[in-house]
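Engineer: any chance you can model this:
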Amino acid sequence: MRERARVRFLDTRPLRGNRPFRDLWIGTAISQIGGQTANVAVLAQVWDLTGSPVSTGAIGLATGLPMVLFGLLGGTLADTVDRRAVVRATTAGQLLASVGLCAQALAENRNVWLLLALVASGTGCGALGAPARRTFPVRLLPGDQVAAGLALTNVSFQAAMLTGPAMAGLIIARWDFPAAYAAQAVAMAVSMLAVIRLPAMRPEGAGAAGGRRRPERGGRRIVLRRPTLWGSMATDLSATLLAMPIALFPLVNEIRFGGDPRTLGLFLSAVAVGGITAGLLSGTVTRLRRSGLVQLSAAAVWGLALACFGLAGPLWLALGCLAVAGAADTVSVVTRSALVQLETPDAYRGRVSSVEHVIGVAGPELGNFRGGLLASVTSAPISLVLGGLSAVLAIGAVAVTNPPLRAYRTPPAAAKPTAPGVTDAAVAAG
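Structural biologist: Below you'll find the model as predicted:
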């Protein structure tokens with residue numbers, strides 16, 4: 001029987017009927033707003049200390065490198081010990097780092113390296129706990145609500161992207177940097193309380209005492225041995241690596257809209273508005289079981305929308321294209337995250353989540369570099385159009401060569417979320 005897609009608003013079942021997930025969602029949402037507030041404060045403080053774009057660029061290294069290095073390590077850790085304990089410890093580390101940021105601002109620190117070291121330590125703690133945290137929704141929710149839970153998480157992230165920077169500007173203007181970092185510390189304390197209230201979440205097969213266990217063999221190779229997993233991650237990598245537009249926004253703004261900084265802000269806001277709108281209407285897609293096809297389609301729309309942005313003349317059309325791209329990105333992220341978690345046996349979820357985390361971090365950064373490099377030898381419109389169309393072609397290639405991903409259906413609530421015909425033992429033996 002064909003699935004009938006009806007327009008539905010945000011599916012709030014996970015919040016209504018599941019207290020642990022509700023606690024997690026509230027704590028995560030508040031910590032995301034605090035994190036965005038601190039990000040703006042760090043950017044402003046580094047600029048205030050140095051006045052150097054090289055130094056502000058170094059913030060990317062202080063965050064990107066720990067994300068990759070500790071993200072992979074965190075995957076193995078999440079498959080070894082109680083995942084709640086991992087997230088408790090790493091959240092405590094983030095809280096201490098935010099307190100350190102507040103202290104250095106109160107002491108009127110003038111050493112940019114100390115500031116970047118504190119940023120790197122907080123980011124490293126977050127990355128170490130990210131794979132374990134990613135496994136929480138699938139452990140707390142029934143199978144048919146996992147996508148809805150991830151959609152709710154994505155909406156809170158998009159909302160933080162809109163409200164956090166604005167809040168930071170108001171806080172810094174009135175009370176300066178210490179208050180912005182204090183806001184992050186309070187937010188992390190709330191997140192810590194939410195994690196403490198969660199039930200223990202040991203990897204399946206761990207002993208009742210919750211001690212260390214040797215992770216199942218197979219590790220990250222499961223990604224290559226399950227077409228649905230590598231296909232879903234390849235789709236995401238194709239979209240971000242080939243069509244990421246953020247680095248080109250200043251150049252497009254300069255050549256088409258006079259370099260007005262307000263227009264540049266509208267570019268970023270349009271993407272977030274599209275993402276929030278898609279999140280609020282995510283009940284339309286989270287109840288569809290053909291999530292592999294949904295992700296492929298949404299990723300292709302992302303590429304087409306950004307190619308159209310490269311050709312758009314009027315500002316209203318450019319903003320419309322970016323809003324469509326933001327909406328498509330939200331749909332793609334939600335369906336991919338749910339598919340990856342549901343398709344991965346619990347004994348491997350930490351390590352698979354670490355691969356997904358690294359792709360999610362490295363793909364956009366490399367994509368922005370690729371876009372800027374191509375624009376430097378051609379132009380911003382050509383880079384956007386070629387990037388968007390290349391992404392569509394790459395996603396099409398994944399769809400053609402990966403029938404299991406095209407045919408994938410989200411398991412019903414009572415079904416075990418593993419791929420049909422592939423046992424955990426077979427993965428380990430492979």
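Engineer: how about stretch 326-340 as CSV, C-alpha atoms only?
Structural biologist: Extracted C-alpha coordinates of stretch 326-340, given in CSV (Å, rounded to 0.1, in the frame of the first residue of the first chain):
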residue,chain,number,x,y,z
GLY,A,326,17.6,25.1,4.9
ALA,A,327,14.3,23.2,5.0
ALA,A,328,15.7,20.4,2.8
ASP,A,329,18.8,20.2,5.0
THR,A,330,16.6,19.7,8.1
VAL,A,331,14.6,16.9,6.5
SER,A,332,17.8,15.2,5.3
VAL,A,333,19.5,15.5,8.7
VAL,A,334,16.5,14.2,10.7
THR,A,335,15.9,11.2,8.4
ARG,A,336,19.6,10.3,8.2
SER,A,337,20.1,10.5,11.9
ALA,A,338,17.1,8.2,12.6
LEU,A,339,18.1,5.7,9.9
VAL,A,340,21.7,5.5,11.2
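Engineer: does residue 369 really touch residue 248, like I thought?
Structural biologist: No: here residue 369 does not reach residue 248: they are 11.2 Å apart, not a contact under C-beta atoms under 8 Å. Any C-beta I mention is one placed from the backbone N, CA and C, and that applies to glycine too.
Engineer: comparing those two, which shows the higher neighbour count?
Structural biologist: residue 248 (24 against 13; other C-beta atoms under 10 Å).
Engineer: not counting its neighbours along the chain, what's nearest that one?
Structural biologist: Nearest non-adjacent residue to residue 248, counting by C-beta to C-beta, 6 or more residues apart in numbering: residue 380, 4.8 Å away.
Engineer: list the contacts for the one you found?
Structural biologist: Shown in contact with residue 380 (C-beta atoms under 8 Å, 6 or more residues apart in numbering): 248, 251-252, 255, 310.
Engineer: out of those residues, which sit inside strands?
Structural biologist: Applying DSSP state E to these, no entry is found in strands.
Engineer: out of the residues you listed, which end up buried?
Structural biologist: With burial judged by 16 or more other C-beta atoms under 10 Å, the buried subset of the contacts of residue 380 is 248, 251-252, 310.
Engineer: so in this protein, which helix runs the longest?
Structural biologist: helix 19-50 (DSSP state H).
Engineer: check which element follows that helix along the chain.
Structural biologist: Using DSSP states H and E, the helix or strand that directly follows helix 19-50 along the chain is helix 53-78.
Engineer: end to end on stretch 340-354, go ahead and measure it.
Structural biologist: Using C-alpha to C-alpha, to the nearest Å, the end-to-end distance of stretch 340-354 comes to 11 Å.
Engineer: thinking again about what came up before, so of the buried ones among the contacts of residue 380, which ones are in helices?
Structural biologist: Per DSSP H, those map to helices at 251-252, 310.
Engineer: closest one of those residues to residue 318?
Structural biologist: Set against residue 318, the nearest of those by C-beta to C-beta is residue 252 (7.7 Å).
Engineer: now the closest one: closest residue in space, sequence neighbours ignored.
Structural biologist: That would be residue 380: by C-beta to C-beta, 6+ apart, it lies 4.9 Å from residue 252.
Engineer: one more: residue 186?
Structural biologist: residue 34 (7.0 Å).
Engineer: equivalent analysis for residue 378, please.
Structural biologist: In space, and not counting its chain neighbours, residue 378 is closest to residue 386: 7.9 Å by C-beta to C-beta, 6+ apart.
Engineer: how much space is there between the residue nearest to residue 186 and residue 406?
Structural biologist: As for residue 34, its distance to residue 406 is 40 Å (criterion: C-beta to C-beta, to the nearest Å).
Engineer: looking at the two, which is more packed in?
Structural biologist: Taking neighbours as other C-beta under 10 Å, residue 34 and residue 406 compare with residue 34 leading, 28 against 17.
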